[in-house]
Every structure is written in C-alpha cells, then in structure tokens.
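1. What follows is a predicted protein model with its sequence.
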Amino acid sequence: MTKNITLSVDESVLRKVKVLAAERRTSVNALVRDYLSSLVAKETAEDEAREALLKLIRETDADMGQQKWNREALYDR
C-alpha cells in the first residue's frame with residue numbers, strides 16, 4: 001500500500017529536480033520514491049552485513065595466539 005506524504009523543498013531545488021526528472025523521462029514523485037527505496041535497501045544491507053560480522057565474531061573459535069604487537073614492530077621502517 002502506498003501512502004502520500006507532503007515535502008517542503010526549496011523552490012530552486014524543485015525547479016532543478018523537475019528538469020532532472022524530465023530529462024530522465026520520469027516524475028519528481030518517482031525520483032523521490034526510488035531514492036527513499038534505495039536508501040532503505042542500503043541501510044538494510046549494511047545492517048545485515050553488520051549482524052553477520054557480529055555473529056561471526058561471537059561464533060568463531062579463532063585464536064590470535066600469544067603474539068603481542070607493539071608500535072615499533074607495526075611501523076618498522
């Protein structure tokens with residue numbers, strides 16, 4: 001189900017986005033809808049990746065051993 005929303009946009013921005021929409025043969029509404037959808041998809045993907053990494057950290061049996069790192073060894077020139 002789609003819902004209508006009301007946005008306030010600076011007049012100069014609206015003029016430019018109308019031109020952009022016309023160049024792309026779409027509507028301002030479609031541009032906004034697509035942008036919001038891609039924003040949500042990106043956030044969802046990042047959240048899922050973060051959760052996968054945290055799960056891996058929690059479930060791993062990896063052992064880093066006894067090595068102690070120091071600044072001199074890491075930045076040896």
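-> The structure has been received and is ready for your questions. Model, not experiment: these values are computed from the prediction.

2. and stretch 70-77, how far out from the chain's middle?
-> 35 Å (Cα atoms, centre = their mean, to the nearest Å).

3. actually stretch 56-71, not the one I typed
-> 29 Å.

4. Check stretch 16-30 too.
-> 23 Å.

5. Tell me which residues are up against that stretch.
-> Residues from elsewhere that reach stretch 16-30 (Cβ atoms under 8 Å, 6 or more residues apart in numbering): 9, 14, 31. Bear in mind the C-beta positions are built from the backbone N, C-alpha and C, glycine included.

6. Give me the neighbour count for residue 14.
-> 13 (other Cβ atoms under 10 Å).

7. Could you check how many residues crowd around the nearest residue to it once chain neighbours are set aside?
-> Spatial nearest neighbour of residue 14, chain neighbours left out: residue 28 (7.6 Å); criterion: Cβ to Cβ, 6 or more residues apart in numbering. Neighbour count of residue 28, defined by other Cβ under 10 Å: 15.

8. again, but for residue 35
-> By other Cβ under 10 Å, 10 other residues sit near residue 35.

9. Distance of it relative to residue 20?
-> 11 Å (Cβ to Cβ, to the nearest Å).
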